[in-house]
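> Any chance you can model this:
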Amino acid sequence: MTKVELRYESKPWTFNSERAGNRWDRARKTKEWRQAFCLMARSKQIPTLTSCIVTATPYQKSGRLQDVAACVPAVKAAIDGLTDAGVFLDDSPEHVVAVVFRQPERGEPALRLELEGELLHG
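Model prediction:
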């Protein structure tokens, strides 16, 4: 079993903010987060994982804490970026078997993803 942690220091956006915005904002955020997680995975040289469980923890500095799993759009973009980097062969249920959303925590705005899975070859 391999465990990896990635943390992107930016405010994870939520379903509610996505609904209130427009498609160009959504596309810009998706591209940013997808690229950020792809680059982080490549720089850490994360190997390809199979049957992986992804655990997401958002961090908020102030205000009312977001609902659990409200950051789905940010997490989906992050998983797509990890797939682009080759961490997953595909983000299908065969490879990403579960996504767990933890309650938000206080701290500088960020999203922490913990990956726990088997190496592709070993």
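
> Distance of the closest residue to residue 34 other than its chain neighbours relative to residue 113?
Spatially, and ignoring its direct neighbours in sequence, residue 34 is nearest to residue 81 (4.0 Å; C-beta to C-beta, 6 or more residues apart in numbering). Heads up, the C-betas are built off the backbone N, CA and C, glycines and all. Distance of residue 81 to residue 113, given as C-beta to C-beta, to the nearest Å: 10 Å.

> Also residue 11?
Residue 11 is 15 Å from residue 113, by C-beta to C-beta.

> For the two, work out which one has more neighbours and name it.
Between residue 11 and residue 113, counting by other C-beta atoms under 10 Å, residue 113 is the more crowded of the two (22 against 19).

> Tell me who's in contact with the more buried one.
By C-beta atoms under 8 Å, 6 or more residues apart in numbering, the contact list for residue 113 reads 5-7, 37, 54-57, 75, 78, 82.

> what's the pLDDT at it?
For residue 113, the pLDDT comes out at 98.

> cool, and residue 92?
Predicted confidence (pLDDT) for residue 92: 95.

> which stretch of helix or strand covers it?
Taking DSSP states H and E as the definition, one finds residue 92 inside no helix or strand.

> picking that back up, in strands only, show me the contacts of residue 113.
If you go by DSSP state E, the contacts of residue 113 have 5-7, 54-57 in strands.

> Can you name the two of the residues you listed that sit furthest apart?
By the measure C-beta to C-beta, 7 and 54 form the most distant pair in these, at 13.4 Å.

> quick one, which of the two is more surrounded?
residue 54 (24 against 14).

> Just the pLDDT at the more buried one, thanks.
pLDDT, residue 54: 98.

> Student question: in the protein, what's the helix or strand with minimum average pLDDT?
Taking mean pLDDT, DSSP states H and E as the measure, the chain has helix 15-20 as its least confident helix or strand, at a mean of 72.

> what's in contact with that helix?
Residues outside helix 15-20 that contact it (C-beta under 8 Å, 6+ apart): 25-26, 70, 72-73.

> ok, those vs residue 91, which is closest?
residue 72 (13.3 Å).

> count of residues packed around that closest one?
By other C-beta under 10 Å, 16 other residues sit near residue 72.
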